[in-house]
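> build me a model from this:
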Amino acid sequence: MNKKRCAWCNTKNPRYVEYHDNEWCRPNFDDRYLYEMLILESFQAGLSWECVLNKRDSFRAAYDGFDLEKVCAYGEEKISELLSDEGIIRNKLKINASISNSRIFKAILDEYGSFYNYLREFAGDKVIYEVGRTTNELSDAISADLQKRGMKFVGSTIIYSYLQAIGLIYSHDKECYLYKG
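Numbering: from 1, shown residues only. I've put the predicted structure just below:
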């Protein structure tokens, strides 16, 4: 029997199905994962998540396994290398933002001890269950604070998508076999 999935999930793409079934909306608050997903989500701006997800392995290779210390130290030579890497999204503004956002992410880690502790300042310890939205008060607040700190490509819609990805917002469609009301 075929499982009914969220309408956005392209069931012809095994990578997308795997992401939908085993990762999306599942709480994962490990700092390395939170960092990787924030960088990947920032590349989604103006594109589909499927496009970014299909390039995830290439991003991992290009960004040194999302090693925060290494990315924070990237300079012009590495930026040129990233801009010529056909496996990733080669948008200069997004690449530059990913590096400066990494430095801000590191500063938040230093301030809060973990990125999840930072997110909990806004979200508390509860998961939000809602469908059919692309922003909410939580994504608005986190987006505004990250932008105030200097991050780019972290608008409310991107942050909402990020919060779904890491499991702070649970949004499986009512028709989806993973739906929880």
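> ok now the longest helix anywhere in the chain, how far from the chain's centre?
Longest helix in the chain by number of residues, with DSSP state H as the criterion: helix 92-112. Averaged C-alpha coordinates place helix 92-112 at 13 Å from its chain's average position (C-alpha atoms, centre = their mean, to the nearest Å).
> and that helix, average pLDDT?
Confidence over helix 92-112, taken as the mean pLDDT, stands at 98.
> name the helices or strands packed onto it?
When contacts are defined as 3 or more C-beta pairs under 8 Å, 6 or more residues apart in numbering; DSSP states H and E, helix 92-112 sits against helix 31-44, helix 68-72, helix 76-83, helix 115-123. C-betas here are computed from N, CA, C, even on glycine.
> report pLDDT for the closest residue to residue 11 other than its chain neighbours.
In space, residue 11 comes closest to residue 17 once its chain neighbours are excluded; the distance is 5.8 Å by C-beta to C-beta, 6 or more residues apart in numbering. Residue 17 is assigned a pLDDT of 97 by the prediction.
> mind listing what's buried along the helix or strand harbouring residue 17?
Mapping residue 17 onto the secondary structure by DSSP states H and E places it in helix 14-22. By neighbour count with 16 or more other C-beta atoms under 10 Å, helix 14-22 contains the buried residues 16, 19-20.
> again, but for stretch 105-124
When neighbours are counted by 16+ other C-beta under 10 Å, the buried residues of stretch 105-124 are found to be 105-106, 108-109, 115-116, 118-119, 122-123.
> between those, which is nearest residue 74?
residue 106 (12.4 Å; C-beta to C-beta).
> related to what we said a few turns ago, and of the buried residues of helix 14-22, the nearest to residue 3?
When these are compared for distance to residue 3 (C-beta to C-beta), residue 20 wins out at 9.8 Å.
> in the chain, where is pLDDT below threshold?
Applying pLDDT under 70 to the chain picks out residues 1.
> give the contact list for residue 74.
Applying C-beta atoms under 8 Å, 6 or more residues apart in numbering, one finds that residue 74 lies in contact with 82, 99, 102.
> CSV for those, including distance to residue 148 and neighbour count?
Listed next are the contacts of residue 74 as CSV, based on distance: C-beta to C-beta, whole Å; neighbours: other C-beta atoms under 10 Å:
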residue, distance to residue 148, neighbour count
82, 26, 22
99, 19, 18
102, 17, 24
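> mind putting those in CSV, distance to residue 33 included?
Putting these into CSV (distance: C-beta to C-beta, whole Å) gives the following:
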residue, distance to residue 33
82, 21
99, 19
102, 15
